[in-house]
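K.L.:
got a predicted structure here, sequence first:
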Amino acid sequence: MEETEEIKSLNFIEQIIEKDLAEGKNEKRVHTRFPPEPNGYLHIGHAKSICLNGGLAKKYNGKFNLRFDDTNPETEDEEYVNSIRNDVKWLGFQWDGEYNASDYFQQLYDYAVQLIKLNKAFVCELTAEQMREYHGTAVTPGKDSPYRNRSVEENLALFERMKNGEFPDGKYLLRAKIDMASPNMHFRDPALYRIRKKHHYRTGDKWNIYPMYDFAHGLSDAIEGITHSICTLEFEVHRPLYEWINNTLNTTYRPQQIEMSRLNITYTVMSKRKLMQLVNEKHVSGWDDPRMPTVSGLRRRGYTPEAIRDFCERVGISKRENLIDVSLLEFSIREDLNKKAPRVMGVLNPLKVVITNYPEGQVEELEAVNNPEDESAGKRMVPFTKELYIEQEDFLEVPSKKWFRLAPGTEVRLRYAYFITCQEIIKDSEGKVVELRCTYDPASRGGNSPDGRKVKGTIHWVSAIKGISAEIRLYDRLFTTETPDKGDVDFKELINPNSLQVIKSVLEPSLAIAKAGESFQFERMGYFCVDKDSTEKNLVFNRTVSLKDTWAKIADKN
RNA sequence: AGACCCAUGGUGUAAUGGUAGCACUGCACAUUUUGGUUGUGUAUGUCUAGGUUCGAGUCCUGGUGGGUCUACCA
């Protein structure tokens, strides 16, 4: 046990933590946090962050906070807070403390006052356009604001009046006094507080000024005693400012910001802004549309927390740009569902089969295994009748040499039932095959012939009279290209028009009592779960993911 | 352009100066009452040029390529 742990390699963040621990840094504490802004639903990139931060706290016997980074009253909302809590919990993580940046508004204000007193901040009244002008560019230094040398007293008075709501939005701005010539743009007297007379979903109308991210985030981390503050790569250039603020204000705790790369997955987009657009412009049915890479969408699609955690583990932690093949996500869910999902038979696209030598009106209950991967799942009975449905794609009038399934004159096994042989094809006026006449071998009951005769193919089936109908929603990737948000065309033009296909199918009767959220493997077809739209009268299933289909690959090649 | 960051098979990630490994994907075979699962095998890799060293994916320098920043968003 001890040995295997030592063999397992550490990611770069774990290496930093173990070094800190070894050096006795932070009183040997590990305290992480997940700091979402409540302005959208969580996606699988957030899930990765939750798994990392929550997992690190668990691994190093530390603490893990959930903190809503609610410093922008214009975009944030309670609805998002609730969905975020729900998603984090569902993923299997329990936070030690739940906080809000808005809990610290008074402390943050006091810190700002302190900064003014240290002559490290000033009230500026340049307009946004003027600011841009004074800001300089990457190659040219900026210019000092003409308001930069106000007295401490004047700054204090102005800042207080900003707080008291004496000025309109945008009139004044509290800025740090650092260095307008710094090559790091974030050091060019960054904005700390802006006037925004907006109702905040938690603090109401109490505040007329709101702190900016750079000011609020590092201080919130310090206030909570966070030791390792993990964020994504785009905040790398903010780190000197993050440290400047905590060092200048001489906070008790000095959390360390560590940046890692974002998660990207092929054939989807992973930015809240773009996901929001898909929702608002009705390209999907909502944040929880099963095609969305949101936690709620994946959940509705039938993904399990275990599969998502496994995926987040597999993608790894690093600082390079990456693009994870969506097949890795599919691997994780297949692996989990393969162990757990009960097997059933469902015919997606039915083709009628009449067993000509089977007694009219007879119903036999045949025994079927619920899960070959899990003996404890037990067995069930499936009704067999003279008229059945099989999958349209399991019959081919002119088969290739590698075809194992049904064709004129060939024999196949009906799973858990009988060997049948196709004797006759019935077509409609357009030449489409609408019915098959087959004979069965009564001696092959259960699926084995006493004479040892072998069949190459086993296909699934459902009794035509005992089967139940259901709506099945088949999902495909939401976009037609691997990286819809790269390149010149607008990502919405790359939406896959066939990402949702709704069909009417027929399922074995045991599924009549399936509950919303339950997952099944429809043998040979894939994993399906009951959608929340499902009712007793109209069963609705989502296809979570198809099974690996070796035959489709062979067929594709020809 | 300036600052910062990154560079290992198709993809992702290990190797912490000493045999380039693992996973996904692909391909092949075996097993199979799911063309599923499982098992076995296999293909493909250290961006480049120098340097340090007995020895470099790892350290140093230059180049190249990619990313980020230049919001009163986070």
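P.N.:
Nice, I can see it.
K.L.:
is A:I178 in a helix, a strand, or coil?
P.N.:
Secondary structure state of A:I178, per DSSP: H, G, I helix; E, B strand; the rest coil, is coil.
K.L.:
that one contacts A:W244, correct?
P.N.:
Yes - using CB atoms under 8 Å, A:I178 is in contact with A:W244, at 6.8 Å. (C-beta placed from N, C-alpha, C; glycine too.)
K.L.:
got any residues that touch both of those two?
P.N.:
A:F187 (CB atoms under 8 Å, 6 or more residues apart in numbering).
K.L.:
A:Y109: what's it in contact with?
P.N.:
The contact partners of A:Y109, by CB under 8 Å, 6+ apart, come to A:K163, A:I209.
K.L.:
what's the pLDDT at it?
P.N.:
Confidence at A:Y109, expressed as pLDDT, is 98.
K.L.:
mind checking how far it is from RNA strand B?
P.N.:
A:Y109 sits at a distance of 14 Å from RNA strand B (criterion: CB to the nearest atom of the strand, to the nearest Å).
K.L.:
likewise A:A341?
P.N.:
Distance from A:A341 to RNA strand B, by CB to the nearest atom of the strand: 9 Å.
K.L.:
swap in A:R445?
P.N.:
Distance from A:R445 to RNA strand B, counting by CB to the nearest atom of the strand: 8 Å.
K.L.:
how about A:D189?
P.N.:
10 Å.
K.L.:
my guess is that residue contacts A:A176, does it?
P.N.:
Yes - using CB under 8 Å, A:D189 is in contact with A:A176, at 5.9 Å.
K.L.:
any idea of the pLDDT on the residue of the stretch 251-400 of chain A found nearest RNA strand B?
P.N.:
Residue nearest to RNA strand B within the stretch 251-400 of chain A (CB to the nearest atom of the strand): A:G316, separated by 2.6 Å. A:G316 is assigned a predicted lDDT (pLDDT) of 97.
K.L.:
export stretch A:397-406 as CSV, just CAs?
P.N.:
In CSV, the C-alpha atoms belonging to stretch A:397-406 read as follows (Å, rounded to 0.1, in the frame of the first residue of the first chain):
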residue,chain,number,x,y,z
GLU,A,397,-31.1,-8.8,-48.0
VAL,A,398,-27.7,-9.1,-49.7
PRO,A,399,-25.1,-9.7,-47.0
SER,A,400,-21.4,-9.4,-47.3
LYS,A,401,-19.2,-12.4,-46.3
LYS,A,402,-18.5,-11.0,-42.8
TRP,A,403,-22.2,-10.6,-42.1
PHE,A,404,-23.2,-12.5,-38.9
ARG,A,405,-26.7,-11.4,-38.6
LEU,A,406,-30.0,-12.2,-40.3
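K.L.:
how about that stretch, which residues are buried there?
P.N.:
A:W403, A:R405, A:L406 (16 or more other CB atoms under 10 Å).
K.L.:
what about A:T268, neighbour count?
P.N.:
A:T268: 23 surrounding residues under other CB atoms under 10 Å.
K.L.:
what's the spacing between it and A:T483?
P.N.:
Distance, A:T268 to A:T483, using CB to CB, to the nearest Å: 10 Å.
K.L.:
equivalent analysis for A:N72, please.
P.N.:
For A:N72, the distance to A:T483 - CB to CB - is 29 Å.
K.L.:
and if you look at A:K197?
P.N.:
Distance of A:K197 to A:T483, computed by CB to CB: 41 Å.
K.L.:
likewise for A:L126?
P.N.:
From A:L126 across to A:T483, the span is 39 Å (CB to CB).
K.L.:
which one of the two is surrounded by more residues?
P.N.:
A direct count of neighbours by other CB under 10 Å for A:L126 and A:T483 places A:L126 higher, at 19 against 16.
K.L.:
quick one: secondary structure of the more buried one?
P.N.:
Assignment for A:L126 (three-state DSSP): coil.
K.L.:
neighbours around the spatially closest residue to it that is not a sequence neighbour, how many?
P.N.:
Using CB to CB, 6 or more residues apart in numbering and skipping the chain neighbours, the partner closest in space to A:L126 is A:S145 (5.5 Å). Using other CB under 10 Å, A:S145 is surrounded by 22 other residues.
K.L.:
quick one: A:S145 is in a helix?
P.N.:
No - going by three-state DSSP, the assignment for A:S145 is coil, not a helix.
K.L.:
OK, contacts around it?
P.N.:
Contacts of A:S145 (CB under 8 Å, 6+ apart): A:F122, A:C124, A:L126, A:Y134, A:R175, A:M180, A:D189.
K.L.:
doesn't A:V81 make contact with A:F68?
P.N.:
Yes - counting by CB under 8 Å, A:F68 touches A:V81, with 6.0 Å between them.
K.L.:
mutual contacts of those two, please.
P.N.:
Common neighbours of A:F68 and A:V81 (CB under 8 Å, 6+ apart) are A:P38.
K.L.:
so between these two, which is more surrounded?
P.N.:
Ranked by neighbour count (other CB under 10 Å), A:F68 and A:V81 place A:F68 first, with 24 against 19.
K.L.:
from RNA strand B, how far out is the more buried one?
P.N.:
Taking CB to the nearest atom of the strand, one finds A:F68 at 9 Å from RNA strand B.
K.L.:
ok, for that residue, nearest residue in space, not its chain neighbours?
P.N.:
Nearest in space to A:F68, with sequence neighbours left out and distances taken as CB to CB, 6+ apart, is A:N100 at 4.6 Å.
K.L.:
I'd like the distance between that neighbour and RNA strand B.
P.N.:
11 Å.
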